[in-house]
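Visitor: My questions concern the predicted model and sequence given below.
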Amino acid sequence: MNEMHQKKSVSLWVLYGVFFFWGFVAASNTVLIGTFKTHFSLSQFQSQLVDMAFYAAYFLGSLLYFGYSQTKGDLLNKMGYKTGLLLGLLISALGCLGFIPAASMQSFPLMLSSLFVVAIGFTLQQIVVNPYVMALGSPETGAHRVTLGGGINSFGTTIGPIVISYAIFGGINNAHTLSSLSAVQMPYLVLAMAFVMVALWIGFSKLPAVVSATKIEKGLGALAFPQVKWGMLAIFIYVGVEVTIQSNMPALLENSDMLGLPASATVHFISLYWGSLMIGRWTGSISAFNVSQKTKRIATFLLPLMAYLVILSVNYLKFLALGTPEKIHDLLYYAPCIALVILGFYMAQEKPARTMWLFGSAGALLMLVGICSTGYWAVYSFISGGLFCSVMWPCIFSLSLAGLGTYTNQASSLLIMMILGGALIPPLQGLLSEKVGIHFSYVVPLVGFVYLAYFGIKVKKVLKQQGIDFDKTITTAH
């Protein structure tokens, strides 16, 4: 029995490595945006094609899977979840290997194509991994394991930009420019090898056979529910806002009204942004565990501080290696924002609708503060958008899927497709920045936060009209 438990534990942590890769690669895209923009002399709009290529793959991959399932039946139920996961990992490995010829040829389109392939693999992995994590243990604690995976994902987003940036710029005397893109090759070769190693481990492991218990409904009956339609727009805007804040940040920080720093010197701010998402998700995951209310209140105060300490520690080690430990002061003045989100969690009381309008309103207010100020005031205000995006994914999903019954799976697939917002909204802000300037282009996430706050109010009314008083606890994270 102990031996079986040990095998499951080892397999579980291998799957958590997949969660880590998702965050690591997605957050590292910001480093590529700044690098490619400088090297290829791109406009701000063109630089945002990095995110468009990555997040459009999620939409197209989900759409193809949904279309196949509507006509031929559930693909993963046919091939098996283990085979599906292996295929997803190998596709991502292939995409990483594509960076080698793309860099040798100095080709921006090939770089984007490689990133698209990586994300196609991620799409298949996303569909597979959650059921596996749920299966590796008792059903009662399944949500706990998925939540932990979300926290590990956020840790990947925190250190990803730091590691990739150091790998690209660390050995270059002039870190502000690249004479060639050859420095990009080694990090992505290592990533490809890591994907293959995980695939081999899973291939030889005895993971349980997992299939979906329900079939995908034919047609689009889920769209008859107004909460699904409002939720699809909310997911589109939420992902777009989360991505666009940091995708346009390298250009923002280069602005003389901000910090006037090159992209290679601002990676710690990108790390702080993704770390802000980790802070919120760690805090939001408290409710997944069976602890007393007193313990929850204490943890709600301590966990954000612990996560903030992790961010500071990781960045300090990087600065120490580079001989600039004093740069950590750039991140210390962010502490008041941490206090603000702690207050927000206490006020939200773990209620999804209240969390949406409260965090959406706070995010909009801070975007406005950032637009109306300059320097560190503006930078910290924009970065704090990550704190208030952090737990929106599970809130939107739980509210949008309430009361759907047999249409739950179909609605879930439709919501996943709306990750498309991450592909379209950042280029929209990039295009706007060329008209009004990068600083004032942050009106895009401001408007997005306003809608997300409205969604919390609107969907609660919609559910009440259906006789659903939805105050379900937040238990997952994206």
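Guide: Perfect, thanks for sending it. Residues are numbered from 1 along each chain as shown.
Visitor: what about the residue nearest to I371 when sequence neighbours are not counted, how many neighbours?
Guide: Using Cβ to Cβ, 6 or more residues apart in numbering and skipping the chain neighbours, the partner closest in space to I371 is Y442 (5.5 Å). (Each C-beta comes from the backbone N, C-alpha and C, glycine too.) As a burial measure, Y442 scores 26 neighbours (other Cβ atoms under 10 Å).
Visitor: Check Y442 and give its pLDDT.
Guide: Looking at Y442, its pLDDT stands at 97.
Visitor: need the contact list for it.
Guide: Each residue near Y442 by Cβ atoms under 8 Å, 6 or more residues apart in numbering is listed here: 245, 248, 252, 367, 370-371, 382, 429.
Visitor: just those residues now: which is nearest S361?
Guide: The nearest member of the contacts of Y442 to S361, counting by Cβ to Cβ, is M367 at 10.9 Å.
Visitor: What number of residues are in the vicinity of that closest one?
Guide: 26.
Visitor: Equivalent analysis for the one 10 residues further on, please.
Guide: Neighbourhood size, W377 [other Cβ under 10 Å]: 14.
Visitor: related to what we said a few turns ago, which SS class is the residue nearest to I371?
Guide: Using DSSP: H, G, I helix; E, B strand; the rest coil, the structure places Y442 in helix.
Visitor: Same question for R354.
Guide: Once three-state DSSP is applied, R354 turns out helix.
Visitor: Please tell me how far it sits from Y442.
Guide: From R354 across to Y442, the span is 26 Å (Cβ to Cβ, to the nearest Å).
Visitor: and the contacts of Y442, which of them are in helices?
Guide: 245, 252, 367, 370-371, 382, 429 (DSSP state H).
Visitor: Among the residues you listed, which one has the most neighbours?
Guide: Busiest of these [other Cβ under 10 Å] is I245, holding 29 neighbours.
Visitor: Thought G448 was touching that one, still the case?
Guide: No: contact between I245 and G448 fails when scored by Cβ atoms under 8 Å: they sit 9.3 Å apart.
Visitor: Tell me which other helices or strands the strand or helix carrying Q185 touches.
Guide: Using DSSP states H and E, Q185 maps to helix 182-204. Contacting helix 182-204 under the criterion 3 or more Cβ pairs under 8 Å, 6 or more residues apart in numbering; DSSP states H and E are the following elements: helix 2-39, helix 81-97, helix 99-104, helix 108-135, helix 142-169.
Visitor: Closest to W230 out of the ones in helices among the contacts of Y442?
Guide: Out of the ones in helices among the contacts of Y442, the member with the shortest distance to W230 (by Cβ to Cβ) is M367, at 21.6 Å.
Visitor: Low-confidence regions, the stretch 351-478 of the chain specifically.
Guide: In the predicted model, the stretch 351-478 of the chain carries pLDDT under 70 at residues 409, 470-478.
Visitor: pretty sure S154 is in contact with W282, am I right?
Guide: Yes: the pair S154 / W282 is scored as a contact, 7.2 Å apart, by Cβ under 8 Å.
Visitor: what about the closest residue to K460 other than its chain neighbours, how many neighbours?
Guide: Spatial nearest neighbour of K460, chain neighbours left out: A353 (4.0 Å); criterion: Cβ to Cβ, 6+ apart. Using other Cβ under 10 Å, A353 has 23 neighbouring residues.
Visitor: go on, the one 3 residues further on?
Guide: Using other Cβ under 10 Å, the number of residues around M356 comes to 27.
Visitor: Check M197 too.
Guide: Neighbour tally, M197, other Cβ under 10 Å: 14.
Visitor: OK, contacts around it?
Guide: Contacts of M197 by Cβ under 8 Å, 6+ apart: none found.
Visitor: Swap in 10 Å and give it another go.
Guide: 14, 17, 89, 93 (Cβ atoms under 10 Å, 6 or more residues apart in numbering).
Visitor: Repeat that for L87.
Guide: Taking Cβ under 10 Å, 6+ apart as the contact definition, L87 lies against 76, 79, 121, 124-125, 128, 199.
Visitor: so what's T30 up against?
Guide: 50-51, 157, 160-161, 164-165, 243, 246-250, 263, 266-267, 269-271, 273-274.
Visitor: The contacts of M197 into JSON lines, with extra columns for pLDDT and neighbour count?
Guide: What follows is those, written out as JSON lines (pLDDT from 0 to 100; neighbours: other Cβ atoms under 10 Å):
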{"residue": "V14", "pLDDT": "75", "neighbour count": "17"}
{"residue": "G17", "pLDDT": "79", "neighbour count": "18"}
{"residue": "L89", "pLDDT": "91", "neighbour count": "27"}
{"residue": "A93", "pLDDT": "94", "neighbour count": "23"}
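Visitor: Let me have those in TSV, adding distance to Q46 as columns.
Guide: Output for the contacts of M197, formatted as TSV (distance: Cβ to Cβ, whole Å):
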residue	distance to Q46
V14	38
G17	33
L89	31
A93	28
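Visitor: circling back: of the helices and strands packed on helix 182-204, which is nearest M258?
Guide: helix 2-39 (14.0 Å).
Visitor: List the buried residues in the closest one.
Guide: 8, 11-12, 14-39 (16 or more other Cβ atoms under 10 Å).
Visitor: Stretch 151-161 now?
Guide: Applying 16+ other Cβ under 10 Å to stretch 151-161 flags 151-161 as buried.
Visitor: what number of residues lie near V291?
Guide: V291 has 12 nearby residues by other Cβ under 10 Å.
Visitor: Contacts only, for it.
Guide: 298-299.
Visitor: In three-state terms, how would it be classified?
Guide: V291 ends up coil, using three-state DSSP.
Visitor: Give me the distance between it and S285.
Guide: Distance from V291 to S285, by Cβ to Cβ: 11 Å.
Visitor: Show me the common contact partners of these two, please.
Guide: A299.
Visitor: sorry, back to before: redo the ones in helices among the contacts of Y442 as JSON lines? Include distance to F359.
Guide: Formatted as JSON lines, the ones in helices among the contacts of Y442 follow (distance: Cβ to Cβ, whole Å):
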{"residue": "I245", "distance to F359": "14"}
{"residue": "L252", "distance to F359": "22"}
{"residue": "M367", "distance to F359": "13"}
{"residue": "G370", "distance to F359": "16"}
{"residue": "I371", "distance to F359": "19"}
{"residue": "F382", "distance to F359": "16"}
{"residue": "Q429", "distance to F359": "20"}
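Visitor: F45: which of those is nearest?
Guide: Checking the ones in helices among the contacts of Y442 one by one against F45 (Cβ to Cβ), the nearest turns out to be Q429, at 9.0 Å.
Visitor: Can you tell me the closest non-neighbouring residue to that closest one?
Guide: Spatial nearest neighbour of Q429, excluding adjacent residues (Cβ to Cβ, 6+ apart): V444 at 4.2 Å.
Visitor: same check, this time on L75
Guide: Y68 (5.4 Å).
Visitor: mean confidence score for the host helix or strand of that neighbour?
Guide: In this assignment (DSSP H and E), Y68 forms part of helix 49-72. Helix 49-72 shows a mean pLDDT of 83.
Visitor: again, but for stretch 299-319
Guide: Mean predicted confidence for stretch 299-319 is 91.
Visitor: Output that stretch as CSV - backbone C-alpha positions only.
Guide: This file holds the C-alpha atoms of stretch 299-319, laid out as CSV (Å, rounded to 0.1, in the frame of the first residue of the first chain):
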residue,chain,number,x,y,z
ALA,A,299,-3.2,32.4,6.5
THR,A,300,-4.9,35.1,4.4
PHE,A,301,-2.5,37.6,6.1
LEU,A,302,0.7,35.4,6.1
LEU,A,303,0.6,33.6,2.7
PRO,A,304,0.8,36.8,0.6
LEU,A,305,3.8,38.0,2.7
MET,A,306,5.4,34.5,2.2
ALA,A,307,4.8,34.6,-1.5
TYR,A,308,6.2,38.2,-1.7
LEU,A,309,9.3,37.0,0.2
VAL,A,310,9.8,34.2,-2.4
ILE,A,311,9.7,36.8,-5.2
LEU,A,312,12.2,39.0,-3.4
SER,A,313,14.5,36.1,-2.6
VAL,A,314,14.6,34.8,-6.2
ASN,A,315,15.3,38.2,-7.6
TYR,A,316,17.9,39.0,-5.0
LEU,A,317,19.8,35.9,-5.9
LYS,A,318,19.8,37.0,-9.5
PHE,A,319,21.0,40.5,-8.6
